[in-house]
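J.: one predicted model, sequence on top.
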Amino acid sequence: MQGNFCARARSTMWTLTPLWSTPGDRAENSKRVQLPNTRSRIHYGHSKTAISRGDSVMILKRCSDTLISGVRILQIFMLATIASGALAADTSEPVRITNGDWPPYLVAEPPHGVISRIVSSAFKAEGLSTEFGFFPWSRSFALAQKGTWDGSIAWSCNPNRLKDFYFSMPVFPATIVLFHRTNKPVDWDTLEDLSQYRIGTSQGYFYGNPFMEAVKSGMLKTETATSDTINFRKLLAGRIDAFPVDVVVGNEILRETFTEEERKRLTFDVKEVFVGDLHLMLSRQVPGNAALLKKFNHGLETIRRSGEMAHIIRTSLGFVPPQSSHPELAYTDASCREAILNGT
């Protein structure tokens, strides 16, 4: 009955309190309504109920409060709906990942190299899409570090990087060896043996803690170039004696960029400078990246178990290299190992 009383009582009211006013405002406004205390008739159905105009004010006030409460509930519901829609839109946004040029692992042209394909597939298994941006390595790192992009691939973990990034479980193994000219072998067993050679390095690369410490201490004489390709050219020109690079990447660059005659002039030493794992790293500056890391690790394990990862590697490289003995992470720094296994 109240609904019909409300509808009919409104026809007798001369002043309405705004819906956006406070309860105190409504009480104050109700005092200002001056209506003559005469009789009026409000019809409900076939019966007739006589009430005064003063009574109609009280009825209408109750109706107004009910209407206000309903409107506010509706407003809250609409805001919640909009907010949930915004959250849904956020989950549909791609994960933005920076890359460097590092064929066959990372390639600017689609499908962007074997490691990029693995990362995309792992996110896809969790219902997420990816967007890749290709930059020089130093800028690729900086854009992710600042949180301008969500993260970057493919990096090995070290304590300095761990300050700025969450590191995923291993995505792909890396084996760093020394390339040199065939007519000038590099004779070494320890890093100290390399002190007699001019060693090229690539900007932004990590070659394992022992090598990096040897460079920092001045034991190794190094020259830094902006890319592995430039270092190969310097090696051919005799400007450096050797430089470390992933064995698969090094051979791919030689095959894609250099002539057969140039390739014959270069080779690599089978002793490893560094053996480790490459990871996706997600910026600590981006809210939600800790949860995103868990999703990625779950997706990575999903495609590993299903055989999709092995299929990607085989179709990209023609072979499947040995994978990390996860979860031991045998070649990872102890602080990194703990952070990676705990997702922190």
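T.: Thanks, I have it. Numbers count the residues shown, from 1 in each chain.
J.: any stretches of the stretch 151-300 of the chain with poor pLDDT?
T.: Across the stretch 151-300 of the chain, no stretch falls below the confidence threshold (pLDDT under 70).
J.: strands of that one, start to end?
T.: If you assign secondary structure with DSSP state E, counting those that start in this stretch, the strands in the stretch 151-300 of the chain sit at 151-155, 165-167, 172-181, 198-202, 221-225, 242-246, 266-283.
J.: got TSV for those strands, with distance to Ser316 too?
T.: All C-beta atoms are positioned from the backbone trio N, CA, C, and that covers glycine. Below are the strands of the stretch 151-300 of the chain laid out as TSV (distance: least, CB to CB, whole Å):
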stretch	distance to Ser316
strand 151-155	13
strand 165-167	23
strand 172-181	11
strand 198-202	22
strand 221-225	26
strand 242-246	14
strand 266-283	14
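J.: most tightly surrounded among those?
T.: strand 151-155 (a mean of 27; mean count of other CB atoms under 10 Å).
J.: please parse this protein into its domains.
T.: Following the assignment in automatic domain parsing, the chain carries domains at 2-90, 92-173+276-342, 174-275.
J.: would you mind finding the most buried of these?
T.: Using mean count of other CB under 10 Å, the stretch among these with the largest mean neighbour count is domain 92-173+276-342, at a mean of 18.
J.: how long is that one end to end?
T.: Length of domain 92-173+276-342, first residue to last, CA to CA, to the nearest Å: 27 Å.
J.: please apply the same query to stretch 280-293.
T.: Its start and end residues considered, stretch 280-293 measures 9 Å (CA to CA).
J.: please apply the same query to stretch 122-138.
T.: 25 Å.
J.: any idea how far it is from the chain center?
T.: In terms of CA atoms, centre = their mean, to the nearest Å, the centre of stretch 122-138 is set 8 Å apart from its chain centre.
J.: ditto for stretch 178-195
T.: With CA atoms, centre = their mean as the basis, the mean position of stretch 178-195 lies at 39 Å from the chain mean.
J.: what's the angle from the helix or strand hosting Ser138 to strand 198-202?
T.: Element membership of Ser138 [criterion: DSSP states H and E] is helix 137-145. Direction vectors for helix 137-145 and strand 198-202, defined by axes from the mean of the first three to the mean of the last three CA atoms, to 10 degrees, enclose an angle of 40 degrees.
J.: show me what helix 137-145 is in contact with.
T.: When contacts are taken as CB atoms under 8 Å, 6 or more residues apart in numbering, the neighbours of helix 137-145 outside the stretch itself are 97-100, 133-135, 149-152, 155, 164-165, 202-205, 226, 281-283, 285.
J.: ok, 7 Å please
T.: Outside of helix 137-145, the residues within contact range by CB atoms under 7 Å, 6 or more residues apart in numbering are 98-100, 135, 149, 151-152, 164, 203-204, 281, 283.
J.: so where do the helices sit in the stretch 51-200 of the chain?
T.: In the stretch 51-200 of the chain, the segments counted as helices under DSSP state H, counting those that start in this stretch are 53-92, 114-124, 137-145, 159-162.
J.: check these for me: which has the lowest mean pLDDT.
T.: Ranked by mean pLDDT, the helices of the stretch 51-200 of the chain end with helix 53-92 at the bottom, a mean of 47.
J.: coming back round to it: between the strands of the stretch 151-300 of the chain, which one is closest to Leu191.
T.: Nearest of the strands of the stretch 151-300 of the chain to Leu191, taken as CB to CB: strand 266-283 at 8.3 Å.
J.: chain center to the closest one: distance?
T.: On the basis of CA atoms, centre = their mean, strand 266-283 sits 23 Å off its chain's mean C-alpha point.
J.: quick one: strands adjacent to that strand?
T.: Listed by DSSP bridges, the sheet partners of strand 266-283 and their directions read strand 151-155 (antiparallel), strand 165-167 (antiparallel), strand 172-181 (antiparallel).
J.: could you dump the ones you listed to TSV with distance to Gly299?
T.: Formatted as TSV, the entries for the strands paired with strand 266-283 read as follows, by distance: least, CB to CB, whole Å:
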stretch	distance to Gly299
strand 151-155	14
strand 165-167	15
strand 172-181	15
